[in-house]
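> Next one to model:
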Amino acid sequence: SNASRAMRRFAEMMVKDVGIDGLTFHVFIDEFENLELYQQKLVNSLVKNPDKYLVFDIGVRKRGFKTLSTLAENEQISAGNDFRQFDLEEELSGGVYDRLIREICTKRLRTVSELNNCTEDDIRLNIESYLGAYDTRKEVDLIVSGKRTPPYFKEIEARLFKISDEEKRKEFLDTLTKSDPMLSRLSLVLLLQGKKPDQILVELEKYNSGQDSKFKEWLHNYGLGVVFLLCRDYRQRKRYFGYDTYLQLSSGIPRYFIQLCFYAFDYANKDDNFVFGADDKISIQVQDKAAYHLSVSKVDEIDTYPPVGHKLKRLVLVLGRIFEQLHKRPAISEPERNHFYTDYDALSVSSREALNSGIMWAVFQPRPLTKIKSGKQPRGFEYHLNHIYAPYFEISYRRKRRLDISVTDFNNLVDGNDSSVAAVV
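Below you'll find the model as predicted:
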């Protein structure tokens with residue numbers, strides 16, 4: 001094309017003028033997904049026909065390619081042959097993302113006048129020192145502080161009426177009364193799962209005396225799920241706080257983490273008169289307020305995402321409410337379900353369009369399917385609702401269990417009428 005020839009000619013002229021034969025010019029094209037179809041074909045043509053002096057770097061959201069075709073008939077570009085993919089989420093996973101966030105925050109904290117003279121190892125340049133770590137016990141204390149007798153105790157008593165031995169029944173209730181709310185509430189969960197009261201009592205007493213106990217494993221599996229149930233029991237909203245929580249809420253997107261911290265410091269200044277150099281912690285209440293504020297704003301803006309924003313927002317709201325209700329199930333058979341699987345290839349065109357749009361805008365984050373539940377289930381992807389929405393729906397921000405949604409049900413969630421959606425929910 002004329003554009004291709006002109007750019008290559010310009011690059012050659014510059015190389016000759018500078019006199020450095022190994023010089024390479026990079027042309028950066030961002031927001032590729034917003035280009036029209038013919039514009040993407042033009043750029044694809046430039047990529048297909050490389051030049052030693054000219055390299056094209058394209059920034060594009062997932063599922064942002066409208067086409068892989070070039071301007072030439074029956075010609076396409078392909079990964080590996082014509083371009084190399086760099087997936088930011090994959091490259092910045094795990095510890096790499098953690099280190100990046102810490103470096104970004106340290107650089108930003110250095111711009112604060114009160115911290116200009118801090119040495120490299122000064123704790124005031126460590127973002128974690130302001131946010132602390134999430135602590136289940138702290139949250140449970142806030143939930144039950146000054147509250148009446150646990151509302152779930154009556155249900156425990158009702159369950160224990162199956163024990164004919166009155167002495168054993170009294171011993172169990174006395175032990176639960178003396179236990180902290182996490183253990184007593186977990187005991188009800190275990191009873192609802194069908195575990196025998198005698199077994200629970202023995203393991204609870206072993207745990208309370210510092211011996212090896214299955215309660216350690218049960219707390220690991222169901223601990224955060226129990227916090228969600230306590231919030232329901234005491235009519236409290238789930239709190240989101242701590243560096244580790246913020247890291248997971250940001251879902252591998254540095255911008256989200258920075259926004260969470262911006263609101264946290266802003267609210268700390270307004271609500272608690274926070275001053276750098278004088279104060280070293282941001283309160284749990286302020287951190288939670290910041291997380292909830294950003295979460296609400298992110299949900300609100302979904303309907304502005306082209307091309308099917310309104311449909312996408314409706315889908316997110318319905319899925320979020322489904323996950324919210326699953327978090328409140330008394331027996332926690334499958335804890336913290338916050339992502340889903342459906343057979344993408346069998347979905348309607350409209351459903352695939354909504355799902356692809358959600359992936360492009362990072363509303364959904366696809367990951368290779370894990371824990372195949374049957375030999376008939378094809379390998380594919382499970383779709384994680386971006387964890388930044390967790391505070392809005394009061395659901396978990398961790399990757400735990402998924403919900404399998406049939407093709408018919410998913411199509412109904414996208415395009416069905418109210419009664420069709422209600423039948424799924």
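
> What is the burial count for Ala422?
Ala422: 11 surrounding residues under other C-beta atoms under 10 Å. C-beta: built from backbone N, CA, C; applies to glycine.

> now the helix or strand it falls within: mean pLDDT?
In this assignment (DSSP states H and E), Ala422 forms part of helix 418-424. Rounded to a whole number, the mean pLDDT of helix 418-424 is 83.

> now do stretch 343-358
When pLDDT is averaged over stretch 343-358, the result is 96.

> and it, C-alpha only, in CSV?
The C-alpha coordinates for stretch 343-358 follow below in CSV (Å, rounded to 0.1, in the frame of the first residue of the first chain):
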residue,chain,number,x,y,z
ASP,A,343,-19.6,-24.3,26.3
TYR,A,344,-18.6,-21.3,24.3
ASP,A,345,-18.8,-23.0,20.9
ALA,A,346,-22.4,-24.0,21.5
LEU,A,347,-23.6,-20.6,22.6
SER,A,348,-25.8,-18.4,20.4
VAL,A,349,-24.2,-15.7,18.3
SER,A,350,-25.6,-13.0,20.7
SER,A,351,-24.2,-14.8,23.8
ARG,A,352,-20.8,-15.2,22.2
GLU,A,353,-20.8,-11.5,21.3
ALA,A,354,-21.6,-10.5,24.9
LEU,A,355,-19.0,-12.9,26.3
ASN,A,356,-16.4,-11.7,23.9
SER,A,357,-17.2,-8.1,24.7
GLY,A,358,-16.8,-8.9,28.4
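
> buried stuff in the helix holding Ala422?
Across helix 418-424, burial judged by 16 or more other C-beta atoms under 10 Å covers 421, 424.

> What of stretch 292-307?
292-295, 298-299, 302, 305.

> what about it, start to end distance?
Stretch 292-307 has an end-to-end distance of 27 Å (criterion: C-alpha to C-alpha, to the nearest Å).

> Give me the contact list for that stretch.
Here stretch 292-307 makes contact (C-beta atoms under 8 Å, 6 or more residues apart in numbering) with 237, 240, 249, 256, 259-260, 263, 267, 309-310, 312-313, 316-317, 320, 353, 357, 360-361, 363, 386, 388-392.

> Can you select the buried ones from those in PyMOL?
Remark: buried members of these, expressed as a PyMOL selection using 16+ other C-beta under 10 Å:
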select buried, resi 240+249+256+259+260+263+267+309+312+313+316+320+353+357+360+361+363+386+388+389+390+391+392
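
> Looking at the contacts of stretch 292-307, which are in strands?
In strands, judged by DSSP state E, none of the contacts of stretch 292-307 are found.

> Now for Asn386: which residues touch it?
251, 298, 362-365.

> Which members of the residues you listed occur in helices, if any?
Under the assignment DSSP state H, the contacts of Asn386 contribute Lys298 to helices.

> Now for the residue nearest to Pro368 when sequence neighbours are not counted, how many residues are close by?
Of all residues not flanking Pro368 in the chain, Phe381 sits nearest, at 6.3 Å (C-beta to C-beta, 6 or more residues apart in numbering). By the measure other C-beta under 10 Å, the count of residues near Phe381 is 16.

> give me the low-pLDDT residue ranges for the chain?
Along the chain, segments meeting pLDDT under 70 span 1-4, 164, 372-379.

> which residue ranges form the strands in it?
Using DSSP E, the strands found in the chain span residues 25-29, 54-58, 337-341, 364-368, 381-385, 401-404.
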